[in-house]
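> got a sequence here, can you build the structure:
(2 chains)
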Amino acid sequence: MITKRRLAAGLCGLAATLAAGLFPASAAADEPTAQEPPKIDLVLDVSGSMSARDVDGKSRMSAAQQAFNDVLDAVPDDVRLGIRTLGATYPGKDMKTGCQDSKQLYPVGPVNRTEAKAAVATLRPTGWTPIGLALRGAAQDLAGGDATRRIVLITDGEDSCGQPDPCDVARELAAQGTHLVVDTLGLVANDKIRKQLSCIAEATGGTYTSVQHTDQLSSRIKQLVRRSAQTPPVVSKAVQGSAQCGNAAGITPGVYTDREEFGQHRYYKVAVTDGQELRATVSVGADRAVNADYGVLLRAVSGEGQELVRGSDAGSGRTDVMSSGLRYVYPEKDTDSDDAPPPHTVCLEVSNSFSAPDAVKRTPGLPVELTLDLVDAPDEAGDVAAFGLGRGWVLLGVLAVTGLFAGLIWGWLTRWRVAVWRSN
Amino acid sequence: MRTTRLVTAALLTGAALLGPAATALADTPGASPSTDPAASPSGSSGTEEEAAPTEAGTAFRTATAIRQGQAATAAASTGDYLYWMFPAAAGQTATAKATVTLPDQANRHGAQTWQIDVYDGLRRRQPCVSGDRTVKSPDSGPSVTLTCTLRTVRPIADTRSNDPLPGAYYVRLTVIDLPADDLGQPFKAEVLATTKDAGGAHSEGGELAVPLTPATQPDALAAPEGGWTSGWWSDRWLWTAGGGVLGALAAIGGYTLTRGPRRSSARVPSQGYAGPPSGSRDAEAYSRH
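The predicted structure follows:
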């Protein structure tokens, strides 16, 4: 057994080395090399209600300030962090003015801890709660470049301004740019706030947390900052699929994002040569309230319109995303001619069967993530069993009985031949 | 007498040759590899002591890579979707296990239903052949444990099938049903992926050119200890070779059965082919031989 493992380990080590040699090459080919540092904007509610003393006996504001101090101490160096406030300046009763009250407290960039802490210390609970406006402002703070972006919204109240609806704003922002995630933290746990904040989080693939204690607040924000520091290694590209295969956008191996409305399908075109395996994965996100039953279908269709293979999944209940994938192989062909045969055109069709109640906005569509990979065709085996080897007692029985019969027949034959020879 | 001895010898040799095959048979498909350190590589037995991840990803793209046998932890809020991914090689039967430490009893307003979903490297949902993948927590009780055992990973499969292949396996953990009031509460989770060697019965031919590792995180996942394939060795070699030997011995036995009574007379050609062989003459011939 030990020999077996050593041998196996040796062989696999070799395989792993080969694979390791292949991987970086293929990865480097389709990825931008340098990545911008991730950006994060902390959006703090400084509305009047933040003066309520219900977090560990302290006011919500001082709990938030203390948490911010902790967070600023722990910010990784490669994160660009900014702070924005809402309701920090206008104490009056005029809704119109109060609902324009959101400003950048600390610009997004490398953090000077002393300055940032000093700025946070000046905040006093003051005005209204224009969440939608603050989210738009935060998105502007983070604008520019290819970096991953995260907004952390800390609030104690539902939006007191109504328009624009924060949930719609969040979805809009997520649809506009690359990877904007909004995480929300609610300092008060009531039904309305929870609904609104979880809706914002859901719309962008973020998270919602209900905060009860100061240490919970600071550890959660720290965790979110850490998360933003972990940027995905492959940057996705935006692509727009089309309704027909014929005029579909051509894609090469990589990660793509798109939007697909309810009941819509999208085609993308891929060129695959003989001796290649096509691998495609699709994830359709449920970024809004959707009906309970849903599904996603990914089909590979040949240029002639024949379905090659499909992957699908369906589900019911609470979900963040519906995924499926497929692989398809064009085996290596033996050709006499030197010129390579033209590549096959494969159309990938992505469709979904999500639906939503009438009140839910239809646009922008659901987020689609499509990944495409082309690798060498697999080494198909002629026999299902390893090396065509046998196994089991039946095999032994068959071989033994066959051997016995062969021996008997051979023996009788010999005996008969000798007898014949003797008689002559 | 001689025939008996030969047959006995043949049987003994056969048994000796089959011995390893039989023991291999006895220990490979069973549960023993789980107690075998090489079959369940873990952080503790690895050469470099690597800290287990304490964070989980929140989407397929950001799934945290873990190794087999490595217990990864994460703190999150109820309602979050947590993602991990672990490697599994051909011939392995993987089991994902998640333990959720629920939020404080005081902050819960009813039962919660938790679920783990396992997807392969192409994000195709993989069925659980056994285990409790959906668990409704009792109203009280500090934690729930979810398990999902996958089908045995095959080295290759038809492209139209959904069979598990060597590569990454995503584990998604989330609460799928809970009282609305309980959303956003802090909970802790621990995830552990273990594998068992399925043995020679699942030893198949063929190999993928590249394992099904995610294109979104090309380098994140390390191959399992022993590589992505199960290697050339399997107990099928023993079975087949043992069968060959058994066949050969049976052939010799069969041949001897037809020749045995004649041999003594053949040794004494001068006497011609006359008279039935007797036991004493047979022994005599043998001793002379």
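
> where along the stretch 101-250 of chain B do the strands fall?
For the stretch 101-250 of chain B, applying DSSP state E, counting those that start in this stretch gives strands covering B:113-120, B:125-126, B:134-136, B:143-149, B:167-177, B:186-197.

> and residue B:130, what does it touch?
B:147, B:149 (CB atoms under 8 Å, 6 or more residues apart in numbering or on different chains). Glycine gets a C-beta too; all of them are placed from N, C-alpha and C.

> for the chain, longest helix please?
With no chain named, the answer covers chain A. Criterion DSSP state H: the longest helix present in chain A is helix A:393-423.

> right idea, wrong chain: chain B
Under DSSP H, chain B gives helix B:236-267 as its longest helix.

> separation between the closest residue to chain A within the stretch 101-250 of chain B and residue A:68?
Per CB to the nearest CB, residue B:227 is where the stretch 101-250 of chain B lies closest to chain A, at 2.1 Å. Residue B:227 sits 48 Å away from residue A:68, going by CB to CB, to the nearest Å.

> same deal with residue B:206?
In this view, residue B:206 and residue A:68 are 57 Å apart by CB to CB.

> neighbour-wise, which of these two wins?
Higher neighbour count among residue B:206 and residue A:68: residue A:68, with 23 against 18, using other CB atoms under 10 Å in any protein chain shown.

> isn't the more buried one up against residue A:61?
No. Checked against CB atoms under 8 Å, the pair residue A:68 and residue A:61 is beyond contact range at 10.5 Å.

> what about the nearest residue to residue B:153 once chain neighbours are set aside, how many neighbours?
Among residues not flanking residue B:153 along the chain, residue B:164 sits closest, at 4.7 Å (CB to CB, 6 or more residues apart in numbering or on different chains). Using other CB under 10 Å, residue B:164 has 25 other residues around it.

> list the contacts for residue B:164?
B:88, B:120, B:126, B:150, B:151, B:152, B:153, B:154.

> from residue A:331, how far out is the fifth one?
Right, residue B:151. From residue B:151 across to residue A:331, the span is 26 Å (CB to CB).

> who has more neighbours, the two?
residue B:151 (16 against 11).

> which residues does residue A:160 contact?
Residue A:160 touches A:47, A:98, A:99, A:128, A:129, A:130, counting by CB under 8 Å, 6+ apart.

> one more time with 6 Å
Applying CB atoms under 6 Å, 6 or more residues apart in numbering or on different chains to residue A:160 gives the contacts A:128, A:129.

> circling back: figure out how far the longest helix of chain B is from the centre of its chain.
36 Å (CA atoms, centre = their mean, to the nearest Å).

> low-confidence ranges, chain A, go.
In the predicted model, chain A carries pLDDT under 70 at residues A:1-34, A:177-178, A:336-337.

> equivalent analysis for the stretch 151-289 of chain B, please.
In the stretch 151-289 of chain B, residues with pLDDT under 70: B:260-289.

> get me the contact residues on it for chain A.
Neighbours of chain A within the stretch 151-289 of chain B, by CB under 6 Å from any CB of the partner chain: B:156, B:159-160, B:176, B:183-184, B:200, B:203-210, B:215-218, B:223, B:226-227, B:231, B:233-234, B:236, B:239-240, B:243, B:246-247, B:250-251, B:254-255, B:258-259.

> just the buried residues out of those, in ChimeraX syntax.
Of these, the buried ones can be selected in ChimeraX as follows, counting by 16 or more other CB atoms under 10 Å in any protein chain shown:
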select /B:156,159,176,183,184,200,203,204,205,206,207,208,210,215,216,217,218,223,226,227,231,233,234,236,239,240,243,246,247,250,251,254,255,258,259
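
> pretty sure residue A:199 sits in a helix.
Yes. Assigned with DSSP: H, G, I helix; E, B strand; the rest coil, residue A:199 falls within a helix.

> in the chain, which spans are helices?
Since no chain was named, I'll use chain A. Along chain A, the segments classed as helices by DSSP H run A:2-29, A:60-74, A:95-98, A:113-121, A:131-141, A:166-176, A:191-204, A:214-229, A:393-423.

> try again with chain B
Listed in chain order, the helices of chain B (DSSP H) span B:2-27, B:236-267, B:279-288.

> just the CA coordinates for stretch A:294-314, please, in PDB.
Presented in PDB, the C-alpha positions along stretch A:294-314 are these (Å, rounded to 0.1, in the frame of the first residue of the first chain):
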ATOM      1  CA  TYR A 294     -36.900  30.000 -10.700                       C
ATOM      2  CA  GLY A 295     -34.300  28.400 -12.900                       C
ATOM      3  CA  VAL A 296     -31.400  29.000 -15.300                       C
ATOM      4  CA  LEU A 297     -30.500  27.300 -18.500                       C
ATOM      5  CA  LEU A 298     -27.200  27.400 -20.400                       C
ATOM      6  CA  ARG A 299     -27.100  25.800 -23.800                       C
ATOM      7  CA  ALA A 300     -24.300  25.300 -26.300                       C
ATOM      8  CA  VAL A 301     -25.700  25.400 -29.800                       C
ATOM      9  CA  SER A 302     -23.600  24.800 -32.900                       C
ATOM     10  CA  GLY A 303     -23.400  27.300 -35.700                       C
ATOM     11  CA  GLU A 304     -25.900  25.200 -37.700                       C
ATOM     12  CA  GLY A 305     -28.400  25.600 -34.800                       C
ATOM     13  CA  GLN A 306     -28.100  22.100 -33.300                       C
ATOM     14  CA  GLU A 307     -28.000  21.900 -29.600                       C
ATOM     15  CA  LEU A 308     -24.700  20.300 -28.500                       C
ATOM     16  CA  VAL A 309     -25.100  20.200 -24.700                       C
ATOM     17  CA  ARG A 310     -27.000  22.000 -22.000                       C
ATOM     18  CA  GLY A 311     -26.700  22.700 -18.300                       C
ATOM     19  CA  SER A 312     -29.500  23.800 -16.200                       C
ATOM     20  CA  ASP A 313     -30.600  24.200 -12.600                       C
ATOM     21  CA  ALA A 314     -33.800  25.200 -10.900                       C
END
